[in-house]
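# structure of the sequence below:
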Amino acid sequence: MEPGAGLAEFLRGRRALLCYGLMGDAVVRLGLDYMDAHAEWLAAQGARPEVLKVPTADPVAANAERLAAALRDGPPGALVIAHSKGGVEALAALVAPETAARCAAFLAFQSPFYGSEVADLVTESRPLTGLALATARLFRSGSGQGLRDLTTAARAAWMAEHAEAVQRLVRSLPVVTVASHFRPRLRIARGPHLAALALWLQDKVGPNDGQVAVTSALLPGARHLVEQGSHIALVTRGPGQDPQGALRRALLAALV
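Okay, the predicted model is just below:
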């Protein structure tokens, strides 16, 4: 059977929950493209895409429980597709075996499972923290406290505490974690702020997407893909970006 035929069969009629990253709901309220390409492609394949509507700046645990409730309330065999903080929340929900049992596969794009040094930078600065909290309130994205859950210290502690549960999950369920590598020297004119962050992170953690290190986005034991592009390149349309292609590659990896 051709890989595409198996993929079409897998997706036909399947509920696909899209989990936004931090401030993803605010991006959508501004009328900008965010995971729209994923939803459109899934619908064209016969799947039933559905955005998990949560205040994206709320704590990870709160949104993980909201995702678990959404999985419990729907038919079994859902596909979970998450970006950035959404992947961290999905992992927190799916380490519970009863929640994982409601899921057919989990795809995480550019999720800071081991934290983000950018989150460290923001939370260690009182002015930047205040700005982040005010922005979350302005866009009705929740309390803003979820930012602290993405720091490297918070994530290292969580991953250590749940190491066995994470390994149990990746053995029992197709889990694909997708990282991306932004090459700032090639994109300075197009995105100077992203280039500056990527260069700063390069010196600290190596290859990264401007917000999350490649090593932070790849779960041990999961199936791994590393793409090219910035932190939103795999979930938004733009010059040189192919979010639908990235999604298809991740799904094919899940079905291997």
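# only C-alpha atoms for contact and neighbour calcs from this point on.
Noted.
# can you confirm Val176 is in a strand?
Yes. Residue assignment for Val176, taken from DSSP: H, G, I helix; E, B strand; the rest coil, places it within a strand.
# got the contact list for it?
Phe106, Leu107, Ala108, Ala222, Arg223, His224, Leu225, Ala250, Leu251, Ala253, Ala254 (C-alpha atoms under 8 Å, 6 or more residues apart in numbering).
# can you name the residues bridging to it?
Leu107, Arg223 (DSSP bridges).
# report pLDDT for it.
With respect to pLDDT, Val176 scores 98.
# quick check: the gap between it and Val256.
11 Å (C-alpha to C-alpha, to the nearest Å).
# and Phe182, by the same measure?
Counting by C-alpha to C-alpha - Phe182 and Val256 are separated by 27 Å.
# comparing these two, which residue is more hemmed in?
Higher neighbour count among Phe182 and Val256: Phe182, with 25 against 9, using other C-alpha atoms under 10 Å.
# can you pull the contacts of that one?
Ala198, Pro207, Asn208, Asp209, Gly210, Gln228, Gly229, Ser230, His231.
# go again using 7 Å as the cut-off
Counting by C-alpha atoms under 7 Å, 6 or more residues apart in numbering, Phe182 touches Ala198, Asn208, Asp209, Gly210, Gln228, Gly229, Ser230.
# Gln211 now?
Under the criterion of C-alpha under 7 Å, 6+ apart, the contact list for Gln211 reads Ser116, Val118, His231.
# could you identify the most distant pair in the contacts of Phe182?
For the contacts of Phe182, the maximum inter-member distance is 12.7 Å, found between Ala198 and Gln228 (C-alpha to C-alpha).
# now render the contacts of Gln211 as a markdown table, adding neighbour count.
Below are the contacts of Gln211 laid out as a markdown table (neighbours: other C-alpha atoms under 10 Å):
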| residue | neighbour count |
| --- | --- |
| Ser116 | 25 |
| Val118 | 19 |
| His231 | 25 |
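# got those residues as TSV, with pLDDT and distance to Val80 columns?
Output for these, formatted as TSV (pLDDT from 0 to 100; distance: C-alpha to C-alpha, whole Å):
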residue	pLDDT	distance to Val80
Ser116	98	22
Val118	96	26
His231	95	19
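# redo the contacts of Val176 as JSON lines? Include neighbour count, pLDDT and distance to Asp36.
Converted to JSON lines, these look like this (neighbours: other C-alpha atoms under 10 Å; pLDDT from 0 to 100; distance: C-alpha to C-alpha, whole Å):
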{"residue": "Phe106", "neighbour count": "27", "pLDDT": "98", "distance to Asp36": "18"}
{"residue": "Leu107", "neighbour count": "26", "pLDDT": "98", "distance to Asp36": "16"}
{"residue": "Ala108", "neighbour count": "30", "pLDDT": "98", "distance to Asp36": "16"}
{"residue": "Ala222", "neighbour count": "21", "pLDDT": "98", "distance to Asp36": "26"}
{"residue": "Arg223", "neighbour count": "18", "pLDDT": "98", "distance to Asp36": "24"}
{"residue": "His224", "neighbour count": "18", "pLDDT": "98", "distance to Asp36": "23"}
{"residue": "Leu225", "neighbour count": "18", "pLDDT": "98", "distance to Asp36": "21"}
{"residue": "Ala250", "neighbour count": "23", "pLDDT": "98", "distance to Asp36": "17"}
{"residue": "Leu251", "neighbour count": "23", "pLDDT": "98", "distance to Asp36": "17"}
{"residue": "Ala253", "neighbour count": "17", "pLDDT": "97", "distance to Asp36": "21"}
{"residue": "Ala254", "neighbour count": "21", "pLDDT": "97", "distance to Asp36": "21"}
